[in-house]
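**Student:** my questions concern the predicted model and sequence given below.
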Amino acid sequence: MSPAEYPHRTGGWLRYVSRYTATQGLPEGHPMKIGIIGAGNIGGNLTRRLTALGHEVSVANSRGPATLTELAEETGAHPVAATEAARGAEVVVVTVPLKAVPDLPSGLFDGAAEGFVVIDTNNYYPRQRDGRIAEIEDGLPESRWTERHLGHPVIKAFNGTYAQDILDRHRPAGDPERIALPVAGDDERGKRIVRELIDELGFDTVDAGGLDESWRQQPDSPVYGLREGTEGVTKALAAASPERPETFRA
Ligand SMILES: NC(=O)c1ccc[n+]([C@@H]2O[C@H](COP(=O)([O-])OP(=O)(O)OC[C@H]3O[C@@H](n4cnc5c(N)ncnc54)[C@H](OP(=O)(O)O)[C@@H]3O)[C@@H](O)[C@H]2O)c1
């Protein structure tokens, strides 16, 4: 791999080495193996951008790989069954309707790389889509609920990002129009890896704390759908209320 082949990663190998040393995370700059479970608005656009950045992406939906040939031909991603998506993956993205999380097959993460990180993009839309989920109505943060079903820690990211923005609003670091995304999670190493990946995708990030704080970025919060930089996102997170809005209750 040469920087010419991956112009988004210019800066030389020294940068990769120093980033690796600084974070003790995965070495940034190597093409990662990424599994994406869900190939809709978010999963499809993450597949497009992550393959464009040179990562090796396996993508799955509920209907099987034969229904993903168009996306695969467009992007070079591998269309696979949901149980195959995480094989060898260093990062796995779960991006399905929240109500589908308990239906995901067991052994979903079998064969994932050691230390793999799971990104949860999901939101609870009780009235329009997901139906009533008692634990969430009783105050459990949405991602904590998802994490319990998945049986693996999650990093909450992209949940308040318009899917189209993943394609249209990425900007190089330092660009005054670069927007920031909140990232929440308990696993600090995992959060670092996800923040580096989002940086590579063309967005700044703000550390939104642990998963118990992740209600700050749930639907209808001030940061949800916000298109501002780190300062605006930090303020919006601070202004959030733990009270679940009426329109997001069932
Ligand atoms: N749309 C947005 O702009 C946006 C923004 C931020 C966050 N989100 C959140 O991110 C999640 C995904 O949203 P989306 O808009 O991308 O959804 P979507 O367009 O409806 O796509 C959902 C995907 O999940 C797949 N899926 C459903 N059940 C599955 C199962 N049991 N096993 C494997 N795959 C399964 C679907 O496959 P089939 O088509 O084969 O059924 C489909 O590919 C949601 O929780 C949403 O609230 C969405």
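**Tutor:** Structure's in. What do you need? Residues are numbered from 1 along each chain as shown.
**Student:** ok and the residue in this structure nearest the ligand?
**Tutor:** Residue nearest to the ligand within the chain (CB to the nearest ligand atom): residue 40, separated by 1.8 Å. C-beta here means a position set from N, CA and C on the backbone, and glycine is covered the same way.
**Student:** what's near enough to touch residue 101?
**Tutor:** By CB atoms under 8 Å, 6 or more residues apart in numbering, residue 101 lies in contact with 94, 122, 145-146, 149-150.
**Student:** name the SS class of it, please.
**Tutor:** Each residue gets one of three states, and residue 101 gets helix by DSSP: H, G, I helix; E, B strand; the rest coil.
**Student:** quickly note the distance from it to residue 62.
**Tutor:** 12 Å (CB to CB, to the nearest Å).
**Student:** and the contacts of residue 101, which two are the farthest apart?
**Tutor:** 94 and 145 (12.4 Å; CB to CB).
**Student:** who has more neighbours out of those two?
**Tutor:** Legend: neighbour count by other CB atoms under 10 Å for residue 94 and residue 145, higher for residue 94 (28 against 20).
**Student:** that one contacts residue 152, doesn't it?
**Tutor:** No. Between residue 94 and residue 152 there is no contact under CB atoms under 8 Å: 9.5 Å.
**Student:** where do the strands sit along this protein?
**Tutor:** Counting by DSSP state E, the chain has strands at residues 33-37, 56-60, 78-79, 91-94, 117-120, 154-156, 180-183, 204-207.
**Student:** could I get those as a markdown table with distance to the ligand?
**Tutor:** Formatted as a markdown table, those follow (distance: least, CB to the nearest ligand atom, whole Å):
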| stretch | distance to the ligand |
| --- | --- |
| strand 33-37 | 5 |
| strand 56-60 | 6 |
| strand 78-79 | 11 |
| strand 91-94 | 8 |
| strand 117-120 | 9 |
| strand 154-156 | 10 |
| strand 180-183 | 10 |
| strand 204-207 | 15 |
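**Student:** tell me, how many residues neighbour residue 184?
**Tutor:** 28.
**Student:** ignore the last one, residue 84
**Tutor:** When neighbours are counted by other CB under 10 Å, residue 84 comes out with 18.
**Student:** who are the contact partners of it?
**Tutor:** 58, 60.
**Student:** and it, how far from residue 31?
**Tutor:** Using CB to CB, residue 84 is found at 19 Å from residue 31.
**Student:** where does the chain dip in pLDDT?
**Tutor:** 1-29 (pLDDT under 70).
**Student:** which bits of it sit near the ligand?
**Tutor:** Selection of the chain residues close to the ligand by CB under 6 Å from any ligand atom yields 37-43, 60-63, 82, 95-98, 100, 103-104, 121-123, 158-159, 161-163.
**Student:** one more time with 8 Å, if that's ok
**Tutor:** 37-44, 60-64, 67, 82, 95-98, 100, 103-105, 121-125, 129, 158-164, 219 (CB under 8 Å from any ligand atom).
**Student:** show me which of those residues are buried.
**Tutor:** Buried by 16 or more other CB atoms under 10 Å: 37-39, 42-44, 60-61, 82, 95-98, 104, 121-125, 158-161, 163, 219, out of these.
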